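Peer 1: With the sequence up front, the predicted model follows.
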Amino acid sequence: DGGITQSPKYLFRKEGQNVTLSCEQNLNHDAMYWYRQDPGQGLRLIYYSQIVNDFQKGDIAEGYSVSREKKESFPLTVTSAQKNPTAFYLCASKSGELVAQPQHFGDGTRLSIL
Amino acid sequence: DAKTTQPPSMDCAEGRAANLPCNHSTISGNEYVYWYRQIHSQGPQYIIHGLKNNETNEMASLIITEDRKSSTLILPHATLRDTAVYYCIVRPSNSGGSNYKLTFGKGTLLTVNP
């Protein structure tokens, strides 16, 4: 089935450690996004990428990094510089052919601090 | 993007139609209305979107008023599995070609009761 796969579902980070969250899509979508969701809050955009080898900062990019070496993959690294990383992280993708097309989301990765 | 207003919560009896309202009185002519839902601890699920005309798919119907200042999402026969937070979002169809972010508010918690 076509879709967006995020892994792992749960992740724990130690102090000073970088961790990488995986996002893979087989929808042949051009654009991919990373959002963060805190309890009881809406989604906030971290990074987005419209095309391979290009990405842009969102509203809360500090302490995060991304890469887009392949169309189907958009991994997010939460660095030790991110002082409050505990959150629910959501990856989304969208076809670039029609701007009105919706974003589709994965099932998220829940990151916690040990 | 135009701001949306939704009631914080609603209840619906199983098997009955659920009608979820959304006010977007400042919507502009090129902005689409999107509906998503999020079941606890899962990623948001796209439901439906529209510009001016009413839309229907296998999940729901979207009724947009003639002045486009409000809309209603209709789940024709609600089931217990439809219990979720429902988000109404408006965004322009031509975000500078940037395929830009979705802004999620707090949505409506729909509880379907047996």
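Peer 2: That came through, no problem.
Peer 1: Check the separation of the first and last residues in stretch A:25-40.
Peer 2: Distance across stretch A:25-40, first residue to last, is 27 Å (CA to CA, to the nearest Å).
Peer 1: Hmm, B:N54 is touching B:I63, no?
Peer 2: Yes. B:N54 lies in contact with B:I63 (CB atoms under 8 Å); the separation is 5.2 Å. C-beta: built from backbone N, CA, C; applies to glycine.
Peer 1: So between the two, which is more surrounded?
Peer 2: B:I63 (16 against 13; other CB atoms under 10 Å in any protein chain shown).
Peer 1: what about that one, distance to chain A?
Peer 2: Distance of B:I63 to chain A, given as CB to the nearest CB, to the nearest Å: 18 Å.
Peer 1: And the strands in the chain, which stretches?
Peer 2: Picking chain A for this. A:4-7, A:10-13, A:19-25, A:31-37, A:43-51, A:54-57, A:64-66, A:76-78, A:87-94, A:104-105, A:109-113 (DSSP state E).
Peer 1: nope, chain B please
Peer 2: Using DSSP E, strands in chain B cover B:9-13, B:18-23, B:31-38, B:45-50, B:55-56, B:61-64, B:70-75, B:84-92, B:108-113.
Peer 1: Out of these, flag the one nearest A:P102.
Peer 2: strand B:45-50 (4.5 Å; CB to CB).
Peer 1: partner strands of the closest one, parallel or antiparallel?
Peer 2: When sheet partners are counted by DSSP bridges, strand B:45-50 sits next to strand B:31-38 (antiparallel).
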